[in-house]
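Novice: Structural data only, the sequence is not supplied:
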């Protein structure tokens, strides 16, 4: 049967509609793939007052009165890891292991600088990577952010004493930590350890333990350590 002019027009219109539909379908799939790629990037997620980093670490978000409550200046969160000349026992593997954790925490703290625990963790990773100056900066800031926090100051005392072999600075930071937490026996024990093994001063080691026992009478750990020095 010979195709009429009208039939030809109808078939052409149908073909055009099919082509348009196919284009829309393929374009939609293409956009979906592109959007899927973009959405695969790991991001921190927030639930209530807790935030979880891509690595799975969870932090509680502290409430602050206002943005001005965060001490200024905030440490440089683009700081490049610099290994201390004193970090002679820190290996290249330890540095490469800590580096991504440091970057993750730095990026997180740029948006949530009030999270004290994250600053303490940042300092710990910097210490493990041999960046002693960076660790001190992070822990000092944590102690300013939370004026009741003694852990950060004790960490600096430990770093100065056992890793940097600076007994005087170690004593200074342990004293600052103890001033905030007189009932924490481990602070006295660690200070005594610095005096015993680094300072080679048994008299001052005993004095630190006795000071702890005065603040925490009959503490079993301090009592035992003191008996070992007698």
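Specialist: That came through fine. If you're wondering where the values come from, they're calculated on a predicted model, not measured in any experiment.

Novice: drop to CA atoms for contacts and neighbour counts, all remaining ones
Specialist: Noted.

Novice: Could you confirm residue 76 falls within a helix?
Specialist: No: under DSSP: H, G, I helix; E, B strand; the rest coil, residue 76 sits outside any helix and is assigned coil.

Novice: Begin at 5 from now on, thanks
Specialist: In the new count, where the first residue is 5, that last one comes out as residue 80.

Novice: From residue 133, how far off is it?
Specialist: Distance, residue 80 to residue 133, using Cα to Cα, to the nearest Å: 17 Å.

Novice: Have a look at the two and say which one is more surrounded.
Specialist: Summary of the neighbour comparison: residue 80 and residue 133, criterion other Cα atoms under 10 Å, with residue 133 having more neighbours (27 against 12).

Novice: mind listing what the more buried one touches?
Specialist: For residue 133, the set of contacting residues under the criterion of Cα atoms under 8 Å, 6 or more residues apart in numbering consists of 85, 87, 94, 95, 98, 99, 100, 102, 103.

Novice: Any idea how many residues pack against the second one?
Specialist: By that I understand residue 87. 19.

Novice: Then the fifth one?
Specialist: Under the neighbour criterion other Cα under 10 Å, residue 98 is assigned a count of 14.

Novice: quick one on the thing from earlier: just the ones of the contacts of residue 133 in helices?
Specialist: Secondary structure assignment by DSSP state H places 98, 99, 100, 102, 103 of the contacts of residue 133 in helices.

Novice: Run through the residues that contact the second one.
Specialist: So that's residue 99. By Cα under 8 Å, 6+ apart, the contact list for residue 99 reads 132, 133, 134.

Novice: how much space between it and residue 93?
Specialist: Remark: distance between residue 99 and residue 93 (Cα to Cα) = 11 Å.

Novice: overlap in contacts of those two?
Specialist: Counting by Cα under 8 Å, 6+ apart, residue 99 and residue 93 have no common neighbour.

Novice: Next up, the contacts around the residue nearest to residue 150 when sequence neighbours are not counted.
Specialist: Ranked by Cα to Cα, 6 or more residues apart in numbering and with sequence neighbours excluded, the top spatial neighbour of residue 150 is residue 120, at 7.0 Å. Contacts of residue 120 were listed using Cα under 8 Å, 6+ apart, and they are 146, 149, 150.

Novice: that older thread, tell me the one of the contacts of residue 99 nearest residue 162?
Specialist: Looking at the contacts of residue 99 and their distance to residue 162, the nearest is residue 132, at 13.0 Å (Cα to Cα).

Novice: per-residue pLDDT, the closest one?
Specialist: We note a pLDDT of 97 for residue 132 in this prediction.

Novice: Can you report how many residues lie near it?
Specialist: For residue 132, the number of neighbouring residues by other Cα under 10 Å comes to 20.

Novice: and if you look at residue 134?
Specialist: A count of nearby residues for residue 134, using other Cα under 10 Å, gives 27.

Novice: tell me the contacts of it?
Specialist: 86, 87, 88, 91, 94, 99.

Novice: Pull the residues that contact the helix or strand that contains residue 179.
Specialist: Using DSSP states H and E, the element containing residue 179 is helix 171-184. Surrounding helix 171-184, the residues in contact under the criterion Cα under 8 Å, 6+ apart are 152-155, 157-158, 160-165, 188, 191-192, 195, 198-199, 202-203.

Novice: do the same with stretch 141-161
Specialist: Contacts to stretch 141-161, defined as Cα under 8 Å, 6+ apart, come from residues 74-75, 78-79, 118, 120-121, 123-124, 126-127, 139-140, 173-178, 180-182, 184-185, 191, 195.

Novice: What separates the first and last residues of it, distance-wise?
Specialist: Separation of the first and last residues of stretch 141-161 by Cα to Cα is 13 Å.
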